[in-house]
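Chemist: Task: produce atomic coordinates for the following.
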Amino acid sequence: MTETMAPRKSLVLRNANFRALWLSATVGVLGTAVASIALPIIAAVELQASDFAVAALAGMTFLPWLLLGLPIGVWVDRWPRKPVIIWSLVGRILALATLPVAYWLGVMTVAHLFIVAFIAGLSAVFFSLADQALVPQAVTKEELVEGNGLMTASGASADAAGRGIAGWLSVVFGASNSLLVQVGTSFASLVAISSLKLTEATPDRTERHIFREMTDGLRYTFSTAPLRAILFNAALWNLGGSMVASLMVLLIIRTLNESEIWLGVLMAATSVGGAVGGLSAKWITEKLGSGPVWRWSMVPGVFGYASLLVMTPGTGMIPGLIGMFVMGVSIALNIVVGTSFRQRVCPPGMMGRLGAATRMVSWGMLGIASIIGGLLAELVGIREAIFIGVCLAFAAPLVALLGPLRTVRQLEDLEPEESTAG
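Modeler: Modelled structure (predicted):
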C-alpha cells in the first residue's frame, strides 16, 4: 500500500530522453531571452535606428517561419531529428558570435543586425520543429500535458531569468557584449541534446515530392474544426500581441524615458507568469477541463497587454508589471492545451509538417505584426500603435469563445475523430 501511494517522480527525473530535450530547450531559451532584449537595445541605443527599424527587427527572427517554414517542415519529417537540432545550434552560435566581434571592431550596422536576426530565426525553425517532433516520441500520450507543462514552465522561468538580467547586462557591459550569453547557452544546449539516446521513428521516405508534402501538411493543418480553431486563435493573438511586444522597447526608452532595465523586468514578469501557467496547466485542466481552459485563457491576457497603455514613469510602471504577469499566465495555459492536443492527434510522420504549417501561419504573424507595428509607430505614434495591437489581440479569445469548440469540455474527447492524417 505504501509503495502504491508513494508520489510519482517528476517526468524530468524518470525519463532520461525527456530530460535531455528539456535541458536543451530550457538553456536555449535562457540565451534567446537575453538576445531578445539585447537586439532591440542595440538598434535603439547603440545604433540609434529609426522607430520602424527597432520595431521591425523583432519580426526578423520570425520571418523565416513565414517564408521557409513549410519546406523546412518537410525536410524535418524526412531526416532524423537529433542531427537537425545539433546543426541548427551550430549555425546559431556562428551567426550570433559575429555581432560582438563587429561591435569590438566598430563595424556593426543595422543591416548586419537584421541579417543575424534572420539567420538566428532560421536556425530556430529547424530546432523548434525537430524538438517538437521528438517530444511525443520521448513520452507517452498520457504524459504529454505534463511534459508540455514542464517544458513551458521551465522555458518561461529561463525566459524570465534571461530577460531579467538582460537589461542589467546591457547597461553594465553593453547590449552587444551581452549576446555572448546566448552563444554560451547555445553551446550548453548542444551538449545536452548530444546526450539524447532516443530511438527515432524511421522517417517515411516513400514520398519525395516536396510541394506535395507541403500541401499535405497544410491540408492536415486545416482538415478539422479543432485544428483550425486552435490555429486561428494563435494567429490572431500573435498578430495583435506581437505588435504590442515589438513596440515595448520604444515605449519604455523613448516615450517614458525609462532605463533598459525596466524593459527586462517587464518581459521577465511575462515569463514568470508563463512559468506559473505552465506548472499549473495540468492541475487546472483536470479541474476545469481542457476546453474551457483553452477558450478563456486569453481573455485576461488582453487586459494584461492593455495595462501598458496606462503606464507612467516611476511607480506608474507597476500596472504594466502586473499586467504582463497576467498575460504570461494566460498565454502559457493556451499554449500547453493547444500544443498537447496537436501532439495527441498528429501521426509521428506528419509532426514536422503540421508544426511548420501551424507556425507558418501563427508565428508568421509575428514577423508581419512587427513590421506593421513599426509603420504605425511612425505614422500615428507609439501609444496609438499599441492600442491598435491590443484591439487586434482581442479577436483571439472571441474566436475561441464563439467558434466550433465553444461547448467542448475535454479536447481529448475529439481524439478518435482526429487521429488519422487528412
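Chemist: Going by C-alpha atoms from here, please, whenever you check contacts or count neighbours.
Modeler: Fine.
Chemist: Pop out the phi and psi values for the residue nearest to the spatial centre of the chain.
Modeler: By Cα atoms, centre = their mean, the chain has its centre lying nearest to Trp363, at 8.2 Å. With angles defined as degrees, to the nearest 10, Trp363 sits at phi -80, psi -30.
Chemist: residue contacts, it?
Modeler: 62, 65-66, 235, 238 (Cα atoms under 8 Å, 6 or more residues apart in numbering).
Chemist: Please apply the same query to Gly291.
Modeler: Residues near Gly291 by Cα under 8 Å, 6+ apart: 405-411.
Chemist: hang on, the earlier thing: in helices, which of the contacts of Trp363 fall?
Modeler: Of these, the ones assigned to helices by DSSP state H are 65-66, 235, 238.
Chemist: quick one: the residue nearest to the centre of the chain and Gly264, what's the gap?
Modeler: Distance of Trp363 to Gly264, computed by Cα to Cα, to the nearest Å: 22 Å.
Chemist: How about the contacts made by Pro260?
Modeler: I think there's a mix-up here, since residue 260 is Glu and not Pro. Residues in contact with Glu260 (Cα under 8 Å, 6+ apart) are 41, 167-168, 170-171, 249, 252-253.
Chemist: would you turn those into CSV with pLDDT?
Modeler: Formatted as CSV, the contacts of Glu260 follow (pLDDT from 0 to 100):
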residue, pLDDT
Ile41, 88
Gly167, 80
Trp168, 85
Ser170, 86
Val171, 84
Val249, 86
Ile252, 92
Ile253, 88
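Chemist: For Ser297, state which of the residues you listed is nearest.
Modeler: Distances from Ser297 to the contacts of Glu260, taken as Cα to Cα, are shortest for Val249 (25.9 Å).
Chemist: Whichever strand or helix holds that closest one: which residues count as buried?
Modeler: Here Val249, judged by DSSP states H and E, is contained in helix 225-250. Within helix 225-250, the residues that count as buried by 16 or more other Cα atoms under 10 Å are 226-250.
Chemist: and Glu417, what pLDDT?
Modeler: pLDDT recorded at Glu417 is 46.
Chemist: if I look at the nearest residue to Leu266 once chain neighbours are set aside, how far off is Ala400?
Modeler: In this structure, Leu266 finds its nearest non-sequential neighbour in Leu321, 5.4 Å apart by Cα to Cα, 6 or more residues apart in numbering. Separation of Leu321 from Ala400 (Cα to Cα) stands at 26 Å.
Chemist: again, but for Thr61
Modeler: Counting by Cα to Cα, the gap from Thr61 to Ala400 is 27 Å.
Chemist: do the same with Val293
Modeler: According to Cα to Cα, Val293 and Ala400 sit 10 Å apart.
Chemist: Next: Leu198.
Modeler: Look at Leu198 and Ala400: by Cα to Cα, they are 36 Å apart.
Chemist: which residues of the stretch 201-350 of the chain score low on pLDDT?
Modeler: 201-208, 210, 213-214, 348-349 (pLDDT under 70).
Chemist: My error: substitute the stretch 51-200 of the chain in the last question.
Modeler: The model of the stretch 51-200 of the chain has pLDDT under 70 over residues 200.
Chemist: ok, which stretches of it are helices?
Modeler: 51-60, 63-78, 81-105, 110-138, 144-173, 175-178, 180-194 (DSSP state H, counting those that start in this stretch).
Chemist: which one of these lies closest to Val329?
Modeler: helix 144-173 (9.8 Å).
Chemist: From the contact counts, what lies against that closest one?
Modeler: When contacts are defined as 3 or more Cα pairs under 8 Å, 6 or more residues apart in numbering; DSSP states H and E, helix 144-173 packs onto helix 16-41, helix 175-178, helix 260-288, helix 318-345.
Chemist: Figure out which of these is closest to Ala153.
Modeler: helix 260-288 (3.8 Å).
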